[in-house]
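**Student:** generate coordinates for the sequence data below:
(one chain, ligands or ions: 2)
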Amino acid sequence: MNILICFGTRPEAIKMAPICHELTNKGMPYKLCVTGQHREMLDQVLDFFELTPDYDLDLMKPNQGLNELSARILKGVNGVLEKEKFDLVLVHGDTTTSTMTAIAAFHKGCKVGHVEAGLRTYNKQSPFPEELNRQLTGRIADYHFAPTQASKNNLIKEGVPEKSVIVTGNTVTDALNFAVAKVSHTYQNENIDRLKKLVDTNKRLILITGHRRESFGEGFKNFCKALLTIAKEPNVQLIYPVHLNPNVQEVVYKMLGDVSNINLITPQEYPSFVWLMSRASLIISDSGGIQEEAPTLNVPVLVTRDTTERQEGVDAGVSFLVGTDTTTIVTKTSEILKQLDRFKTMKNPYGDGTAAKQIVAHISEVIK
Ligand code: UD1
Ligand code: UDP
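**Tutor:** Numbers count the residues shown, from 1 in each chain. Ligands and ions are numbered 1, 2, ... in the order given. From the prediction side, this is the model:
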């Protein structure tokens, strides 16, 4: 069976790396195509997981529009599918890369496997455009690797045949375990050394990220205003690796660039970001992946979005949906800072670290 794995952004690379490793461990050859929807943020993940693409479409442009990017991915992936015949194309999640690749593969008669399938908000404006991307890929896919039972249930309700859905846990846990093990042994990392100097161990560390398109404008400004107030809490240090999207960079550096206990830093390589998460008292973020990683590290997360397709973390009491209202973010932060002890033993609802093994076993047994 000829397998193509295709991804393009930082989170997809982190979550597909364990599958690449497992295919290699099992002696199953595959080809890797990266669209380069992200560049620097993707390359650092490829380096850390020691992955070398067979095809690099190098498509990123500054502040790229969704339609233009979509068209370029469709055309670029088509070129790869015309060079080689693939039986199965594996895509991940909800990005422009994954949906456009799924469409290109379908047009070329390839089977499509969707990793991290079935997450839903059923609100096509939130997350935008990811909710609809994931639904579209779900319509196209032949094999659905759902991280949780709830995501499987969504697919079944939508009429996806039960035998094509397998619950595997999320590969994010596999990746996190790999990173924690690698970082805790002989791994030398200048970034972690720099962070050790930056982090004030006498203060409570609040780690921040933010990048969602639907929050650009007022929502993002309100979020920054909330951070200005939170920085006045006693004994806190805020560290914010700022996403490279110019819409984020401009507002964040303008509003938060000059506050002594808010440290704006460049997006971190995965190992140094994991190092930061594991030392944080609280994370404030609109990221999907971080909502899944935090429970493994016993860190509570305020989710600065109006909806989440990761309700499992909310139900487990580790994630809190706060939207982008300044007062709500500030109030919930003070509340959580007063009860940090209760998060020390959280159960991770997103998987046990064997998702990639289960996905690859399924591919080798069922998909001929
Ligand atoms: C995309 C995904 C989103 C994911 C996010 C992860 C879609 C529709 N959305 O967001 O689901 O959560 O990536 O970060 O696919 N940039 C760089 N260097 C990089 C990466 C980005 O400079 O390495 C800048 C570029 O100016 C780029 C911009 O950020 O144009 C936005 O990147 P893009 O992939 O379009 O981001 P989103 O669509 O917001
Ligand atoms: N991440 C990282 N460096 C950073 C911020 C995040 O490596 O500076 C990792 C994080 O651990 C998670 C993933 O990137 O695995 C999440 O990516 P992002 O928030 O960009 O996308 P999303 O998960 O929202 O799609």
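
**Student:** which element, helix or strand, includes the residue located most distally from the centre of the chain?
**Tutor:** Centroid-distance maximum for the chain: P234 at 31.1 Å, with CA atoms, centre = their mean. When elements are assigned from DSSP states H and E, P234 belongs to no helix and no strand.

**Student:** just I206 next, same as before
**Tutor:** strand 204-208.

**Student:** render the CA-only coordinates of that strand in PDB, please.
**Tutor:** Below are the C-alpha coordinates for strand 204-208, written out as PDB (Å, rounded to 0.1, in the frame of the first residue of the first chain):
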ATOM      1  CA  ARG A 204       3.200  32.000  39.500                       C
ATOM      2  CA  LEU A 205       3.700  31.500  35.700                       C
ATOM      3  CA  ILE A 206       0.800  32.300  33.500                       C
ATOM      4  CA  LEU A 207       1.400  31.100  29.900                       C
ATOM      5  CA  ILE A 208      -0.500  32.800  27.100                       C
END
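
**Student:** need the residues that contact it.
**Tutor:** By CB atoms under 8 Å, 6 or more residues apart in numbering, the list of residues contacting strand 204-208 from outside reads 199, 227, 230, 235-241, 276-277, 279-285, 333, 337, 340. For every residue, glycine as well, the C-beta is placed using N, CA and C.

**Student:** might you report the residue contacts of the residue farthest from the centre of the chain?
**Tutor:** Contact analysis of P234 by CB under 8 Å, 6+ apart lists nothing.

**Student:** before we move on, the earlier item: take the contacts of strand 204-208 and keep only those in helices.
**Tutor:** The helices, defined by DSSP state H, take in 227, 230, 276-277, 279, 333, 337 from the contacts of strand 204-208.

**Student:** burial measure for the closest residue to ligand 2 within the stretch 51-200 of the chain, as a count.
**Tutor:** For the stretch 51-200 of the chain and ligand 2, the shortest gap (CB to the nearest ligand atom) falls at V172, measuring 6.2 Å. V172 is flanked by 26 other residues according to other CB atoms under 10 Å.

**Student:** buried set for whichever strand or helix holds it?
**Tutor:** In this assignment (DSSP H and E), V172 forms part of helix 171-184. Neighbour-count burial for helix 171-184 flags 171-180, 182-183 (criterion: 16 or more other CB atoms under 10 Å).
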